[in-house]
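1. quick one, fold the following:
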Amino acid sequence: MVEHPGRDGLRAAFALIRLTHPDVDLRSWLRFATPRRKRHGVVTVRHRAQPYPCGLCCFSRDRDLRLGEVLTAQHLVALDLLDPGPLLCALLDELEALAIRLRCAAVRVAWTPDGAAEGMPWPSAGRVVVLGSLPASTPAPQKR
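-> Presented below is the predicted three-dimensional model:
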């Protein structure tokens, strides 16, 4: 189940951020993660039977020199001991849908500096294009 959490949901997601960033305190996390004018936010995912999130990513709407508006995803966490793939796919599907709603030309996934994301089970279906444009059927962003 994918959600755009409110303040209580962000507090619950703090445990996931601590897994990847143990030096971040709750106050800093809440200040960073609180949505601002639809340009920045957090998406969480959880199993339907569980009350707490087991995956999340932070996103921001940015400008790219070549592509125009892009949705940048960072701090991806998908925690499942048996198979994190479905959690990651749910997050990536929501990022793609969000990019289309926000009229972004691409979804950019920021890799972790230590390369930990290289072992992630990235879907091969190409639903989210990293550092590229969405499929041709996606409406192009309007020039202002």
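
2. going by C-alpha atoms from here, please, whenever you check contacts or count neighbours.
-> Will do.

3. average pLDDT for the one helix or strand R108 maps to?
-> R108 is part of strand 106-109, with elements assigned from DSSP states H and E. Across strand 106-109, pLDDT averages out at 86.

4. then stretch 7-15?
-> pLDDT averaged over stretch 7-15 gives 91.

5. residues in contact with it?
-> L26, W29, L30, A33, T34, T44, Y52, P53, L56 (Cα atoms under 8 Å, 6 or more residues apart in numbering).

6. could you pull out the buried residues of that stretch?
-> The neighbour-count check on stretch 7-15 (16 or more other Cα atoms under 10 Å) flags G9, L10, R11, A12, A13, F14, A15 as buried.

7. stretch 68-85 too?
-> So for stretch 68-85, counting by 16+ other Cα under 10 Å, buried means 68-79, 84-85.

8. between the residues you listed, which sits nearest R39?
-> L71 (8.8 Å; Cα to Cα).

9. how about the contacts made by that closest one?
-> F59, S60, R61, D62, L95, A99, C104, A106, V107, R108.

10. dump the strand or helix carrying the first one to PDB, restricted to CA.
-> Following DSSP H and E, one finds F59 within strand 55-64. Extracted as PDB, the C-alpha positions of strand 55-64 are listed here (Å, rounded to 0.1, in the frame of the first residue of the first chain):
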ATOM      1  CA  GLY A  55       9.800   1.200   2.300                       C
ATOM      2  CA  LEU A  56      10.100   4.900   1.400                       C
ATOM      3  CA  CYS A  57      11.700   7.400  -0.800                       C
ATOM      4  CA  CYS A  58      12.000  11.100  -0.800                       C
ATOM      5  CA  PHE A  59      11.300  13.100  -4.000                       C
ATOM      6  CA  SER A  60      11.700  16.600  -5.300                       C
ATOM      7  CA  ARG A  61      10.700  18.300  -8.500                       C
ATOM      8  CA  ASP A  62      13.800  19.800 -10.100                       C
ATOM      9  CA  ARG A  63      14.900  21.400 -13.300                       C
ATOM     10  CA  ASP A  64      17.300  19.700 -15.700                       C
END
